[in-house]
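Student: Let's see this in three dimensions:
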Amino acid sequence: MISSSRRLFASSILSTARGLIGKGKQTGQDKVTGLFGNDLLKTAQGFAALTEQVKAKCGPLLERIEKGDKERTRVQLVDDLSNELCIAADLAECVRNLHSEPEMAKAAEMAIRELYTLLETLNTYQPLYENLKLSKETEKERLNEVDLRTLDLLVEEFEQSGVHLPDKEREEFVKISGEIFDAGVTFESGCDRNVEVGKSEKATFKLDSRLVSPVSHSSSRDKRKYVYNQFMKHSDEQESSLRKLITARHSLAKLTGFESYAHRSQKNSLLGSYENAHDFLWGLIQRIRPSAERELAVLSDVLHQCDHKSTRVGEWDLFYLTEMYKKSAFGSVPSSVLTQFVTLGNVLRGFGRITQSLYGVTFEQRIPLSGEMWEGAILKLLETGIWQSPVIVLSLNLIPQPNGASISSIPITMKAAENIFHELGHAMHSFLGRTIHQHVSGTRCPTDHAEIPSTLMEYFFYDINVMQKTLCTTDGKSIDIKDAATASYALFDLELHSPQVSESFINGKVSSTQILNRILSRALPNVERDEWTAYQHRFHHLIPYGSKYYSYLVAKASASLIWRNHFHADPYNREAGEKWAEAQSHGGGLPSSVILSRMLGSPPTPSLLIDTLASQSQQASNIPVVNNLIVSML
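Tutor: As a prediction, this is how the structure comes out:
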């Protein structure tokens, strides 16, 4: 009834943000309301009541589905049932990730666990599945194109949940689903752990007792290497959680008739299959390697000149260089200049100018108080005939301003500004949705498709015309823009869930660190890295994006094609904006290939996606900037 990718979409975009959702609010009558205006959620105990309320609503809906209904088709009723569960589960997921009080976060997690079990129980409830499947014939006169697609998607997801299996296997499915959830929570909690520093190293490198980041901004390369390798060091605890996760996912896939979890996850994706995704990623790596090798040659030469012992660029060098690059607009604008232009208020106003120009939609600027994004109730036409509005939380880590300065004047980094545009792109995807079913509304579509509108907003943000209108002072002064390297990690994510690799990993024949090292050694053989550096143990996206992290690359290429064809010449083009709004309005109600065909003339092929990303890689290969940055860090 609801797939894991959709169910966990909220956590996939939350990343590591930890902020305050709020304990409730005072109304004009000094009445305290609960979280998100839900009076049940005034205290942590309210989450148990919320769960019981959802169960109470599910009962009558199940009865209407089984008996049939003159007012609503079965696909509408199943969608109503899914909607009730999703509203509560998504809300609880938001609170679990963002609330500052452990008691509230823990209660939300318990609610999610119970709702998750209920979801999987319903996903394996045969009468629900049989009635829905039968309705394709018994109610065919009442079903339109979107109804039929939604019905097919729901039936397919029931079958992926093993609904057609005997009782014992269905019970096993629910059990394994719980194991996946538990392993995922444990793994994510360890992704951001601090690392203890030994007394000797603390004295040698003048470090604090704990490392909280893999990046040291020291001029000492030895110190930077130590900090990076120590922070990214292989963790037996994380490896154990990851092995439990992959074991459970692999068992789930085999139980439901798939060769591997990677094969199961590619259903309805733009690339269509594990084999296509694998070939796309390796093809991309091979195409972009020449431009990467050119930059590595420059880095290696500079390193050799500064330190005759160094002949190879280290992974710690690349990681540090990336962080340095993120701190400025295009690696060229000093941060002291950026602070007067890159403010929260400017970024939100700039986004509002785009939505007004493209869609005629006024973006109401409510400055958020805390820090990335969660998406709750998806737009849906309710039985009352009223559209259910999406609920969006944009959560930001902000530094309090002195002397009561406006929160809108708070300076933020260019990367944070780009992220806001990205996340608000997700929000607009949901707001523009106009399907009657929440199951296919807005971002509830294949993952690679869901990331296209948000990624496209990054192209808008970095367009010079848009940027100069966005990043400006109240007196009209604009920022002066002069000049304007993830595929390996996506491949690791895909391969970890593939048939041969996952079984070797599960059986302890190979570690996840060895798997990643093999891929990176093949992708970038000239980059030096410690054999027990385990970036994957810090990789949050393995949980919500299992074997689909490559979706960002597919989305980036697709967004680039849409940008180039429709917005590059005029980012504020209303005609193009209305065409794009119409495309977004379908959410997952139409196949991704059909929606993209309407924007591009034909669905993008893997080779076209590779060509597009390779072209961008060559254009982004900026040797002078690389040279300047590497010199500054040595």
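
Student: how much space between the closest residue to Asp69 other than its chain neighbours and Ala56?
Tutor: Spatially, and ignoring its direct neighbours in sequence, Asp69 is nearest to Leu77 (6.3 Å; C-beta to C-beta, 6 or more residues apart in numbering). For the C-beta atoms, the positions are set from N, CA and C on the backbone; glycine is no exception. For Leu77, the distance to Ala56 equals 16 Å [C-beta to C-beta, to the nearest Å].

Student: again with Thr43
Tutor: Where Ala56 is concerned, Thr43 sits at a distance of 20 Å (C-beta to C-beta).

Student: Those two: which has the busier surroundings?
Tutor: Comparing Thr43 with Ala56 by other C-beta atoms under 10 Å, the one with more neighbours is Thr43, at 15 against 10.

Student: phi, psi of Gly257?
Tutor: Per-residue torsions, Gly257: phi 90, psi 20 (degrees, to the nearest 10).

Student: State the number of residues packed around it.
Tutor: By other C-beta under 10 Å, 13 other residues sit near Gly257.

Student: Check Val594 too.
Tutor: When neighbours are defined as other C-beta under 10 Å, Val594 has 12 of them.

Student: out of everything not next to it in sequence, what's closest to it?
Tutor: The shortest distance from Val594 to any non-neighbouring residue, by C-beta to C-beta, 6+ apart, is to Pro603 (7.8 Å).

Student: Secondary structure class of the one you found, three-state.
Tutor: For Pro603, the secondary structure call by DSSP: H, G, I helix; E, B strand; the rest coil comes out as coil.

Student: What is the neighbour count of it?
Tutor: Neighbours of Pro603 using other C-beta under 10 Å come to 16.

Student: Surely it and Ile595 touch.
Tutor: No - here Pro603 lies out of contact with Ile595, judged by C-beta atoms under 8 Å, at a distance of 9.0 Å.

Student: how about Leu608, what does it touch?
Tutor: Leu608 makes contacts with Ala557, Leu561, as judged by C-beta atoms under 8 Å, 6 or more residues apart in numbering.

Student: So it, which state does it fall into?
Tutor: Leu608 ends up helix, using three-state DSSP.

Student: Compute the distance between it and Ala44, please.
Tutor: Computed as C-beta to C-beta, the Leu608 to Ala44 distance reads 51 Å.

Student: Tyr545 touches Leu496, doesn't it?
Tutor: No - using C-beta under 8 Å, Tyr545 is not in contact with Leu496; the gap is 11.5 Å.

Student: what pairs with Leu33 across the strands?
Tutor: Rather than Leu, residue 33 is Thr. Using DSSP bridges, the bridge partners assigned to Thr33 are Lys25.

Student: measure it to Ser512 for me?
Tutor: Between Thr33 and Ser512 the distance is 45 Å, computed by C-beta to C-beta.

Student: ditto for Phe158
Tutor: Using C-beta to C-beta, Phe158 is found at 32 Å from Ser512.

Student: What of Asp236?
Tutor: For Asp236 relative to Ser512 (C-beta to C-beta), the value is 11 Å.

Student: can you give me phi and psi for Thr343?
Tutor: Main-chain dihedrals, Thr343, degrees, to the nearest 10: phi -120, psi 160.

Student: ok, it - contacts?
Tutor: Ser408, Ser409, Ile410, Pro411, Ile412.

Student: any idea which helix or strand carries Val393?
Tutor: Here Val393, judged by DSSP states H and E, is contained in strand 392-394.

Student: Just name whatever secondary elements that strand is in contact with.
Tutor: When contacts are defined as 3 or more C-beta pairs under 8 Å, 6 or more residues apart in numbering; DSSP states H and E, strand 392-394 packs onto strand 373-375, helix 414-431.

Student: Okay, buried residues for stretch 354-363 please.
Tutor: Neighbour-count burial for stretch 354-363 flags Ile354, Thr355, Leu358, Tyr359, Val361, Phe363 (criterion: 16 or more other C-beta atoms under 10 Å).

Student: Among the residues you listed, which lie within helices?
Tutor: Ile354, Thr355, Leu358, Tyr359 (DSSP state H).

Student: Format the residues you listed as JSON lines; extra columns: distance to Ala581.
Tutor: Shown next, in JSON lines, are those (distance: C-beta to C-beta, whole Å):
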{"residue": "Ile354", "distance to Ala581": "12"}
{"residue": "Thr355", "distance to Ala581": "10"}
{"residue": "Leu358", "distance to Ala581": "7"}
{"residue": "Tyr359", "distance to Ala581": "5"}
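
Student: Number of residues surrounding Asp208?
Tutor: Asp208 sits with 9 neighbouring residues when counted by other C-beta under 10 Å.

Student: meant to ask about Ile519
Tutor: If you count neighbours by other C-beta under 10 Å, Ile519 ends up with 23.

Student: I'd guessed Lys233 sits against Tyr535; true?
Tutor: No - in terms of C-beta under 8 Å, Lys233 does not count as a neighbour of Tyr535; the distance is 10.5 Å.

Student: quick one: contacts of the host helix or strand of Val185?
Tutor: Using DSSP H and E, Val185 maps to helix 167-191. Defining contact as C-beta under 8 Å, 6+ apart, one finds that helix 167-191 is touched by 4, 11, 16, 109, 112-113, 116-117, 120-121, 124, 161-163, 165, 235, 237-238, 241-242, 244-245, 248-249, 251-252, 255-256, 537-540, 542-543.

Student: Many thanks, have a good one.
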